[in-house]
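1. need coordinates for the below:
(one chain, ligands or ions: 1)
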Amino acid sequence: MSGKTKVGILLSGRGSNMMALVEQASGYEVTLAASDKPDAAGIAWARDHGLATFVQSPKGIPKAEYEATIDAALREADVEIIALAGYMRLLTDEFVARWRGRIVNIHPSLLPKYKGLDTHARAIAAGDTVGGCSVHVVTEELDGGEVLGQAEVPILPGDTPDTLAARVLAAEHRLYPRILAEFCAR
Ligand code: GRF
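-> Numbering: from 1, shown residues only. Okay, the predicted model is just below:
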């Protein structure tokens with residue numbers, strides 16, 4: 001027994017935050033990477049790196065059934081904490097309630113600003129000079145749970161949503177592993 005908190009990661013895409021969580025893991029271990037997208041680049045990386053993976057497309061099955069398969073895979077992997085990392089699907093209230101206080105997410109804004117999508121475009125349009133990312137507890141309210149940690153980056157003249165996203169993403173990769181380790185230790 002390692003005594004480390006077992007973390008399951010849910011992702012839908014490129015998985016760069018998952019990679020950061022795996023590569024910088026301390027005090028926790030990633031025992032499952034699960035995706036709703038069979039062709040997610042992050043899942044290929046996870047397989048290549050010997051992680052246990054689970055893929056279940058929600059297509060054609062009722063949402064509750066889809067989530068039940070994920071729930072079973074997480075429990076099979078002894079997952080204690082779920083880390084969302086670019087998981088582009090809303091979890092049902094029932095799923096959140098079953099894992100109450102044990103799901104965290106990284107969001108590319110300084111919450112409570114810019115919940116939801118297109119955070120970087122909205123920050124630039126608002127004339128903000130500082131942007132960033134937040135790690136928060138997942139509740140039934142979208143991007144609304146307790147903020148566990150944040151990192152700020154400057155928004156520079158001439159920034160586009162893409163240039164700002166790249167700067168914020170680098171900050172995400174430093175913030176998420178640190179905050180997840182703290183969360184698992186508390
Ligand atoms: C990140 O910007 C994260 O903040 C947001 O979705 C993006 C996922 O990127 N929730 P990646 O798949 O981790 O590379």
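2. who in this structure is up against the ligand?
-> Contacts of the chain with the ligand, taken as Cβ under 6 Å from any ligand atom, map to 11, 13-17, 42, 85-86, 106-108, 133, 169, 172. C-betas here are computed from N, CA, C, even on glycine.
3. tell me which element E67 falls in.
-> Element membership of E67 [criterion: DSSP states H and E] is helix 63-76.
4. which residues touch the closest residue to the ligand within the chain?
-> Relative to the ligand, the nearest point of the chain is G86 (2.7 Å; Cβ to the nearest ligand atom). Counting by Cβ atoms under 8 Å, 6 or more residues apart in numbering, G86 touches 11-18, 42.
5. let me see the contact set for the nearest residue to V104 once chain neighbours are set aside.
-> Leaving out its chain neighbours, the residue that sits closest to V104 by Cβ to Cβ, 6 or more residues apart in numbering is A83, at 5.5 Å. Applying Cβ under 8 Å, 6+ apart to A83 gives the contacts 7-10, 21, 103-105, 176, 180.
6. do E80 as well
-> For E80, the contacting residues are 5-7, 102, 184, by Cβ under 8 Å, 6+ apart.
7. pLDDT value on R122, please?
-> If you check R122, the pLDDT there is 98.
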